[in-house]
Structures are given as C-alpha cells and as structure tokens.
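Enquirer: Using only what follows, build the 3D model:
(2 chains)
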2 protein chains.
Amino acid sequence: MDNPILVEVTRGPQVESRHRGAVSVVDAEGTSALALGDVECRVFPRSAVKALQAIPLVETGIADRLGLTDAEIALACASHSGEPEHVKAAAAMLAKAGQEPACLECGVHWPLGDAAMQALAREGGSPSALHNNCSGKHAGFVCLACGMDEDPKGYVGPDHRVQRAVRAALEDITGASHGDEVRGVDGCSIPTYAVPLPALAYGFAKFGTGQGISRGCAAAAERMRGAVAANPFMVAGTGRFDTLVMEALRERVFVKTGAEGVHCAALPELGLGIAVKCDDGGKRAAEAIMAILILRFLEPEGEARMLLEAYARRTLKNWNGIPVGEVRAVAPLTDVR
Amino acid sequence: MDNPILVEVTRGPQVESRHRGAVSVVDAEGTSALALGDVECRVFPRSAVKALQAIPLVETGIADRLGLTDAEIALACASHSGEPEHVKAAAAMLAKAGQEPACLECGVHWPLGDAAMQALAREGGSPSALHNNCSGKHAGFVCLACGMDEDPKGYVGPDHRVQRAVRAALEDITGASHGDEVRGVDGCSIPTYAVPLPALAYGFAKFGTGQGISRGCAAAAERMRGAVAANPFMVAGTGRFDTLVMEALRERVFVKTGAEGVHCAALPELGLGIAVKCDDGGKRAAEAIMAILILRFLEPEGEARMLLEAYARRTLKNWNGIPVGEVRAVAPLTDVR
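Expert: Below you'll find the model as predicted:
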C-alpha cells in the first residue's frame, strides 16, 4: 500500500518536493480515531519513545532515591541540543549515581544545534559524550543500573538488565511484541524495536492518561509528564519544535521527535495518543504533520494556535530573508475533522 | 503518476525509510537512454545548473579578459563548503572585477561543512557572503556584469542583464522554455526555472559533448569541464560527493548537486546527460541514485568503482562507529543495463 502525500514543499508557483507518510491516532482503549496510510507496517520509533524508555527509572523509585530533579527527569526523556544547561544536567545525574561521564556508552557528537556547536567551538572546546543528544537518556540508564545494584558497564546491550527492563516497559505499554527479529541498533547504540504505529499511539494514550497500566506506572507517567511540562527546554532546546509546543501548551500535550521522521504525542485531556512516520525520514514533514494533528484534535487558541499553524504551513525564507515557498500539510490531513 | 521507490534506508532487519524519485538519461540528440518515473513533471534544478549558468561568463570572453584562473572558473560552478580556499578565491574573483565582497547579493550563512563552521567559530570569526555556498557563482555574475559595463547592483533580479543572459543560456542549452510562470526564487535570491528532467539531461549531454550548441558555447563548455576536472575541490569541498567523484574520474564525468534532491551529470565519452530528482528532496537518496547511474553507464574500474559502490550502497554507522544499516539504490535502478 502506497502511503499518501501528506506534506508538500512549494517554491513560487510550483510544488518542489513531496513527503508521504502514515499517521495513527488511538485512544487508551486502543480504538482508532484516525488512520492514514499503511499503519500496520512496523516502524522504528527511535528517540520518540525516550519517555517510555525512562519509565523504569521513575517507576522503580530510583529517580527519587537518587534525588533526580524534574529538570533531570525531563532530560532523561530528551533529544537535547547539547546546550550548556543540558550538558550540566547530564553530568549532575551521573554524579548522583556516583559515576563519571566516561561511563556513557552513547558515543560523541557535536551539539545538534548550530548555535551550540558554534559556541563550543568558539571557546576552544570539543564535544564529549555529554553533548550527545541522548546523554540524558543514557545518564538515566546509568542511574537505573546503579539503583538496581547492577554494573552499568554494557548497559546499551539488549541482554543487560537495564535494556531488559526498558524492553519490558515498552512491551507493556504498547502491547506490541518486541522480538529480536524486529530489533535494530539505534544511533546511540541501544536497541530499537520496530512496532506498528497504532501500538505506539496506544502507548502514548496510556502514558498520557494512566489508563490500562499499573498504578505505579501511571504515577511514573504523571510525574514524567509534569516534569517535562515544567521543563520543555530540557527535552529539546532553543527554537526546537518540541520545546516550543510544550512551552505553549504545557500539560495539555506531551510531544517527542525521533530520528527518520517519527513523531509521537499524548493529548491527556482527550485521552489520545498520536504516532507519525514520514516515509523518507523528513523532519520538516513530520513536524508539519504533528502540528496539524495537534491543531485539529486539541483546537488550542492564542499563541499556541499561531505557533502550530506556522509549523503546519511554514514559510520558507532564503538567505536574504525573502519568502520563497512553503512547507505545508495537505489533504487528507487538512480534511481531518 | 507515482514515482517509484529508488532508494531504501535499512536498519537491522527492516527497511526504515524510503525515497521515491525520477531519472532521465538523454544523449546530445535528445534521445532517451533511460526514463524512470514521471519525467515530464517540471523540477527546479536549483544549484545543479550552476555550470550552465556560468556559460555567459566564459563564452563572452570576460572570464579570460579578467584573468580568472581555472580554480576560479570552477568556483563559479560551485556549491562550496565555505572552506578558506573557497572564500579566498571568491574574494579574488571580485577583486579582478574591481569589486568588494559587499556587492554580493547572495546573503550570508555559516559554512555548509561542519568542520569549516567549527574552524571559523574557533578563530572567533563570523560568516560573510563570501562563505555562502553560492559566493563563487555570484562573484561570476559580478564579473559578468562588470565585463559587460553593467552596474552589478541588482544582478540577482530576473530583469537584470546578467540574469537575462543566464536565462538565454539555459533556454538555449536545455531547449526548454524558461517562462515567468515557472520561475521561483532560489536560496541565494537569483531566479530558478522549473524544467522537465529530460531537458536538464539534454542540456548536460550538450554541455559534455559540445554537440548541438554554437562553437563559442562548446569552447566555453570544454574550458569549464577542464577547469572543474582540474579543481574538483573548488566545486564542493572536503569529503563531498561531487569533489570525490570528480577527483576519481576527472574529465570522464561532470557532476553537480542541487538543493532538494536534484543531481545532474554529463558523461562526455558516452555523449550522455543525467538528471535526477528525489521526490522528497533527500540528498542521501540523490547521491545513491547518481552513484549507481554513473556505475552502470560508465562502468569505471578501481578506486572510482569502489567509491561509487560505497555511495550506491552506503553503510550507515552510529555515533560509536557501529554499522546499523544501509542507504541503498534498489530496483528498478539496480536493473539498469
């Protein structure tokens, strides 16, 4: 089944590029509210499920025992831009577990944000694993290992107790099998399991409502949603979609990007979860799709509406600031509701 | 008509993302050697036609009169990475026209290459229009204006004598109409005209062979091909596809990337031109497609073959250097020939 074109990129009088994709919106009972494209195809959720992967850290009580702050819990769910606050918080989490940055197994890359990259270079610095966009998630894994009295060494491996706990949490909340036959290796070396979009959306509906999961898991989800809503900067960074949208909507939405055009969200007040995959991995398209879905389902007003409308139909400007085209969500997305 | 999937991105056991596109390969008489997808759809060639846009500069004799070197002529055809050699050469071109960098109308951006960006930040610098990837092309436009005794001011406008000359050159070599109804504004503010892929491929077949164009234009094309073959670094930069491929194949191929997944090439010894458009604008896919097309048509040996095979089926490594998947051209591309 061919997925529909969901986003067009225009230049002057013409469509210049096109993005196809699939969308699933599901409630906490697993009932579909919207399905576009081939939603049964399994998709690697990548970083979009970082919050679900952090459930064991909070649900076990280890986050509290180590005294992790809300900002640090938010960072455990983050694909951050490597700005100084992110780097500092990741180091602080490791220190609370009695560990050094050298124990991180995520690899090293320059900060994702150009401004953060330039700032680090300007001060003569070079990146460490703390700058890796996944360093907060990994610091959370190290905390989980230490809290379980487990040697963190090798915590990225699928058979380490940390990843077994993470996998169990993912299977429990999504209801989808996470077998070895659908396992890939993520950018930061942990396992990533391909699951159908409705399972992802279902997981986020449960994460957003606490329905259909244990009381402990529901309490952990509530704690994490509150921590992120209070610290949207920690989940992404300056000028990033997830940060801006959660700054505007706070507890009304939890939204998280993943690599290769995946984007997931929970809309707690509506009891809905959303999962998006852009076929070609395009971030600009996934953001336009997520923006119009939040607009159509949540119907926010004021600044939040303006922000989301600007992402659902984004003006492209060239290096001289001249508007040259648009990135815009198109039908069938614009026909939703 | 839906364009076929031409490139798959895998992770572990699964296809993670997919890129669709269209391809046209045409000879200098306009006969099609290969057509995949909807090749009649008009496509903005963007920076892929910089060499064709530079024809008036060389054909008028102005490049020679101003004493432009081969490296500078290559830079006029470039989407460069903003490395020090590129910046220096763009400034030198302007000086030969008696102009200052302030006359560039391309806008300012940080160097495209991360390493060049970091180096500039590390020395406390900030970017100027000379760092814009189009600064060589724009310096060429300024040279053309000055050589025609025309005020360069406003040279990016469609009605300026420079852009009228460029448009005439594009219409002449591609045989396609370049009307206002298909005109968009490019990233660097000059006009870009949407044309069908076979017209682009036809233009590059003529550029590569000198057939079907005036003697003066053919001489200019030969001069430019030689200049680029001798200076592939000037056309792109460290580690970039176009630079690496032309370093390996020299005069046997002229290849140039454009924004939004466009890639064009000339294969002079076969008399063929190639034009590629990835539907979603994906550069990784356009490079894989171009690599397999050069492999299939030119059948190079040795290092050039290894390089192109590595692009046609590229191993993806994560931040720890672990292979996690591939970007690979698939059938119908792998069935060509």
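Enquirer: Please count neighbours and contacts with C-alpha atoms only from this point.
Expert: Fine.
Enquirer: Report the buried residues of stretch A:219-235.
Expert: Neighbour-count burial for stretch A:219-235, with 16 or more other Cα atoms under 10 Å in any protein chain shown as criterion, is recorded at A:219-235.
Enquirer: Likewise for stretch A:124-139?
Expert: Here stretch A:124-139 shows A:128, A:129, A:130, A:131, A:132, A:133, A:134, A:135, A:136, A:137, A:138, A:139 as buried, counting by 16+ other Cα under 10 Å.
Enquirer: Secondary structure class of the third one, three-state.
Expert: Applying DSSP: H, G, I helix; E, B strand; the rest coil to residue A:130 yields a three-state assignment of helix.
Enquirer: quick one: it and residue A:90 touch, right?
Expert: Yes. If you go by Cα atoms under 8 Å, residue A:130 and residue A:90 touch, sitting 6.4 Å apart.
Enquirer: list residues touching both of the two?
Expert: By Cα atoms under 8 Å, 6 or more residues apart in numbering or on different chains, residue A:130 and residue A:90 have these common neighbours: residue A:136.
Enquirer: shouldn't residue A:227 be in contact with residue A:76?
Expert: No. Applying Cα under 8 Å, one finds residue A:227 not in contact with residue A:76, separated by 10.4 Å.
Enquirer: Give the closest residue to the residue located most distally from the centre of chain A in space, chain neighbours not counted.
Expert: Here chain A reaches farthest from its C-alpha mean at residue A:13, the gap being 34.7 Å by Cα atoms, centre = their mean. With sequence-adjacent residues excluded and distances taken as Cα to Cα, 6 or more residues apart in numbering or on different chains, residue A:13 is closest to residue B:182, at 6.4 Å.
Enquirer: what residues are up against the closest residue in space to residue A:332 that isn't next to it in sequence?
Expert: Distance criterion Cα to Cα, 6+ apart; nearest residue to residue A:332, sequence neighbours excluded, is residue A:6 at 6.9 Å. Neighbouring residues of residue A:6 by Cα under 8 Å, 6+ apart: A:18, A:19, A:20, A:21, A:285, A:289, A:329, A:330, A:331, A:332, A:333.
Enquirer: Specify the local secondary structure of residue A:6.
Expert: strand.
Enquirer: For the stretch 51-200 of chain A, what lies in contact range of chain B?
Expert: Applying Cα under 8 Å from any Cα of the partner chain, we find that the stretch 51-200 of chain A lies next to chain B at A:106-109, A:117-119, A:121-124, A:181-189.
Enquirer: Filter those down to just the ones in strands.
Expert: A:183, A:184, A:185 (DSSP state E).
Enquirer: Of the buried residues of stretch A:124-139, which pair is most distant in space?
Expert: Farthest pair in those (Cα to Cα) is A:128 and A:137. Separation: 15.1 Å.
Enquirer: What parts of the stretch 201-337 of chain A come near chain B?
Expert: Applying Cα under 8 Å from any Cα, we find that the stretch 201-337 of chain A lies next to chain B at A:260, A:279, A:280, A:281, A:282, A:317, A:318, A:319, A:320, A:322, A:324.
Enquirer: Now list the buried members of the residues you listed.
Expert: Buried residues within those, counting neighbours by 16+ other Cα under 10 Å: A:260, A:279, A:280, A:281, A:282, A:318, A:319, A:324.
Enquirer: Now tabulate the residues you listed in JSON lines and tack on secondary structure and pLDDT.
Expert: Converted to JSON lines, these look like this (DSSP: H, G, I helix; E, B strand; the rest coil; pLDDT from 0 to 100):
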{"residue": "A:260", "secondary structure": "coil", "pLDDT": "98"}
{"residue": "A:279", "secondary structure": "coil", "pLDDT": "98"}
{"residue": "A:280", "secondary structure": "coil", "pLDDT": "98"}
{"residue": "A:281", "secondary structure": "coil", "pLDDT": "98"}
{"residue": "A:282", "secondary structure": "coil", "pLDDT": "98"}
{"residue": "A:318", "secondary structure": "coil", "pLDDT": "96"}
{"residue": "A:319", "secondary structure": "coil", "pLDDT": "95"}
{"residue": "A:324", "secondary structure": "strand", "pLDDT": "98"}
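Enquirer: Thank you kindly, that will do.
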